[in-house]
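> have a look at this prediction, sequence included:
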There are 2 protein chains.
Amino acid sequence: MVLNISHTDTRLPAYVQLRDDFASKIVSGDWAVNERIPSEAMLAKKHGASVGTVRKAVDGLALEGLLERRQGSGTFVKGLSFDSTLFRFFQVRDIDDQRSLTIPNSELILRARVVAPKEVAEALDTENVIQILRVRGISNNPILFEKIFIPSSIFDGFETIPDGELGPLLYPVYLKHFGILIHKAVDDLSFGNADKQVSHRLNLETGAPVAIIKRTAYSRDKTPVEWRIAFGNAAHFRYRSEIT
Amino acid sequence: MVLNISHTDTRLPAYVQLRDDFASKIVSGDWAVNERIPSEAMLAKKHGASVGTVRKAVDGLALEGLLERRQGSGTFVKGLSFDSTLFRFFQVRDIDDQRSLTIPNSELILRARVVAPKEVAEALDTENVIQILRVRGISNNPILFEKIFIPSSIFDGFETIPDGELGPLLYPVYLKHFGILIHKAVDDLSFGNADKQVSHRLNLETGAPVAIIKRTAYSRDKTPVEWRIAFGNAAHFRYRSEIT
DNA sequence: TAGTGGTCTAGACCACGAC
DNA sequence: TCGTGGTCTAGACCACTAA
């Protein structure tokens, strides 16, 4: 009988195992952001594989944007930056058409464990979630009102992270505190009218036209780990999408 | 002195040349859609390269969605289908939430050579364009009103293609008649109000809220080859975007 | 069973970057 | 100049599909 090595190791190809191994090194911080990783030859030797196999593993992660190859210099861990991976998101327009990607600041309103509404429970496959409410804006001008839901099983302790450690961006927090790397997101846009809560948060009249973005975000292993709904003033709304 | 072989051949890597060669075979119809292409071994022999090099070329095209590998069977040319490449586009919602991807039909209103408006000329880098107006809808219900602009230098003769040969989808026409494969598109969404023309085409009141999508589409070699602006009734509008 | 793509190896040489 | 990734080779063996 064949042994079945622990974990998800059911005789996967070597390059897949290497890829996952490297990925966890990155996520865990074992390979620090912006640092060089060992050369392909080193890695091959250390893992008892050929350079070609290591190469294929690294290629995969480079394609995902976790690593960056620089000929002549080495291969480097890519930090979460605004062009890579996850940040072709909102381009908040500032009256004129500039694509000045200003990072909106973020005012936290609430963090609490709640029972997930039906739509959220279906998307995340659990009812036990932590809810986060926040308003994002630029220089005291509210742009977006967001309701965010994350499974409490995965993000246990999120409610108790000091406010100071929560910057304007949530995904780096997921990574740093919970080792969760958001890898894919699906946005669903539509238009509607502001209810009382939304209009209050965005300084609008009740019933004013708003853009609605529902997003489901997935981690590397394709588990849905976040669901959010965001509301923005339709008059100032701008969304950019690249289809490749 | 070193010879400089024709075309764009400035000593590119072999796998790149192979890739482009294969790509043109697909676009020209030399390799027919849904047919099997020669095996890797055959291609390697024919082009005087190793299997590994052919493999890298094919990998690239498979990644772009032009080819599909099937272990044990061969590698096949992928037709323009609704999941591959270009069709994570509109999901027109039909009152309920179904993701039933109905292909909207299309009523052609106008085809004519015009001088491009400023925004279009900037995007396409030329003033000589063909303008296409059309309304897309589902069972006589107008959903989208589109103004489309394509460079007349590239799409010379487009105005004279018989109406019968223009289906509900334009990109297959670009491919078939002009060998242009749309490879990437950038959508820019915002909201506004219907002017007289738009409201008329969409059966709305003037001033009614509409979604506006501006799209620039690019061919394989990154040249912008189409610019369009589409208007949809905001109340029934739905847009889906995958971020990877 | 024959033929295809999928994995993996071991090593050659090239192009680039930093020292 | 040296070490890195980038290209390319030639061939072995595996996994799958179809006849």
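Noted; the coordinates are in hand.

> only C-alpha atoms from now on, for both contacts and neighbour counts.
OK.

> residue A:79 touches residue A:33, doesn't it?
Yes: counting by CA atoms under 8 Å, residue A:79 touches residue A:33, with 5.3 Å between them.

> what's the neighbour count on residue A:13?
Neighbourhood size, residue A:13 [other CA atoms under 10 Å in any protein chain shown]: 10.

> look up the closest residue to the residue nearest in space to the middle of chain A, ignoring the ones flanking it.
In chain A, the residue lying closest to the centroid (CA atoms, centre = their mean) is residue A:182, at 3.3 Å. In space, and not counting its chain neighbours, residue A:182 is closest to residue A:219: 4.6 Å by CA to CA, 6 or more residues apart in numbering or on different chains.

> which ones are touching the one you found?
For residue A:219, the contact set (CA atoms under 8 Å, 6 or more residues apart in numbering or on different chains) comprises A:180-184, A:225.

> so of those, which ones are in strands?
By the criterion of DSSP state E, membership of the contacts of residue A:219 in strands covers A:182-184, A:225.

> from those residues, which is closest to residue A:54?
Comparing the ones in strands among the contacts of residue A:219 against residue A:54 with CA to CA places residue A:183 closest, at 21.8 Å.

> closest to residue A:74 out of the ones in strands among the contacts of residue A:219?
Taking these together and measuring to residue A:74 by CA to CA, the closest member is residue A:183, at 24.0 Å.

> if I look at residue A:165, how far off is residue A:136?
Remark: distance between residue A:165 and residue A:136 (CA to CA, to the nearest Å) = 17 Å.

> the two: who's more crowded?
Shown here are residue A:165 and residue A:136; by other CA under 10 Å, residue A:136 has more neighbours (23 against 8).

> tell me how far that one lies from residue A:230.
Residue A:136 sits 10 Å away from residue A:230, taking CA to CA as the criterion.

> shared neighbours of these two, anything?
Both residue A:136 and residue A:230 are in contact with A:144-146, where contact means CA under 8 Å, 6+ apart.

> export the residues you listed as TSV, with columns for distance to residue A:54.
Output for these, formatted as TSV (distance: CA to CA, whole Å):
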residue	distance to residue A:54
A:144	43
A:145	44
A:146	42
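
> would you list the residues you listed in TSV and tack on neighbour count?
Listed next are these as TSV, based on neighbours: other CA atoms under 10 Å in any protein chain shown:
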residue	neighbour count
A:144	27
A:145	25
A:146	23
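
> give me the beta-bridge partners of residue A:68?
The partner list for residue A:68 in beta bridges (DSSP bridges) reads residue A:76.

> what number of residues lie near it?
Using other CA under 10 Å, residue A:68 has 20 neighbouring residues.

> state the distance from it to residue A:74.
Distance from residue A:68 to residue A:74, by CA to CA: 9 Å.

> where do the contact lists of those two overlap?
Common neighbours of residue A:68 and residue A:74, using CA under 8 Å, 6+ apart, do not exist here.

> need the per-residue pLDDT for residue A:159.
Note for residue A:159: predicted pLDDT of 91.

> quick one, what contacts it?
Contact analysis of residue A:159 by CA under 8 Å, 6+ apart lists A:111-113, A:130.

> return the member of those nearest to residue B:107.
residue A:130 (48.3 Å).

> checking my notes, residue A:20 in a helix, right?
Yes: secondary structure of residue A:20 (DSSP: H, G, I helix; E, B strand; the rest coil): part of a helix.

> please consider this matter closed, and thank you.
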